[in-house]
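**Q** Here you go, sequence then predicted model.
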Amino acid sequence: MSIKIKDIGTKYILDWNVDKSFLSLSTFNLSTWNQTTEEYDTTLDSITKIGSPDYGNMFDFSSASVTTISSSGTYYLLNCSTTSLYTRGFTHSNARLTKVGDAFGPIKMEGNLAVSANNNDEIHVKFFKNGIEVPCSLGSMVMSSGGKGSTLPFHCITDMIDGDYVEVWVSNETSTQDITLENMNIILSELV
């Protein structure tokens, strides 16, 4: 699909090679429409395409937050202080991305996590959707000497609808040693 935008003074001409039913005037927030010339009164930054994929991110690169582990082999919500720079179709609150709007579909969830704990501790991480683990998202690592782990990737695909939320949960499978966050980066993106 291509949409070409030509500036002709105060108007823009859109030329597309797709079925026009894919686009909606309400999406363009247009004040006038001329079907003959496909000419619109609008500004360039107000033009978006219906069907653009939803996405969201959150990260914590510096909090060094500690997640208390009371029982080995049990998952706990990762204690972190997240920031989000980009969201469309998601809202961000600390440590959580929530799907908003009528669109639904498969969402690719990707994460990278670096933590520290005891030497030889086996650390697991998973996405939890609405407080329930997403089993296919499991990532695991064994801590090296000095209790530092390398970056742990974890990812999967799941469906999300309006109001569904995603969080990161961790477990220490071998001890009750607390887990300290080094850094985390999460990206959710709709597959279209």
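**A** All right, it came through fine. Numbers count the residues shown, from 1 in each chain.

**Q** what about stretch 61-76, how long is it end to end?
**A** Stretch 61-76 stretches 20 Å from its first residue to its last (Cα to Cα, to the nearest Å).

**Q** Next, the buried residues of that stretch.
**A** Under the neighbour-count criterion of 16 or more other Cβ atoms under 10 Å, stretch 61-76 has 63, 65, 67, 69, 75-76 buried. The way it works is simple: take the backbone N, C-alpha and C, and place the C-beta from them, glycine included.

**Q** for stretch 105-120, same thing?
**A** For stretch 105-120, a neighbour-count test (16+ other Cβ under 10 Å) marks 107, 109-118 as buried.

**Q** Inside strands: which ones of these?
**A** Under the assignment DSSP state E, the buried residues of stretch 105-120 contribute 107, 109-116 to strands.

**Q** Pull the most distant pair out of those residues.
**A** Within those, I107 and S116 form the most distant pair, 29.6 Å apart (Cβ to Cβ).

**Q** so where is this protein shaky, pLDDT-wise?
**A** For the chain, applying pLDDT under 70 flags the ranges 1-51, 103.

**Q** What ranges does it have for its helices?
**A** Here the chain has its helices, by DSSP state H, at 25-28.

**Q** Break it down into its domains, please.
**A** 3-46, 55-190 (automatic domain parsing).

**Q** Now the terminal residues of the longest one, how far apart.
**A** Spelled out, it's domain 55-190. Domain 55-190: ends 6 Å apart by Cα to Cα.

**Q** Over to stretch 118-133?
**A** 25 Å.

**Q** For it, which residues meet the burial criterion?
**A** By neighbour count on 16+ other Cβ under 10 Å, the buried set for stretch 118-133 is 118, 121-129.

**Q** of all the residues you listed, which comes closest to G139?
**A** Checking the buried residues of stretch 118-133 against G139 with Cβ to Cβ, the nearest one is V125 at 4.8 Å.
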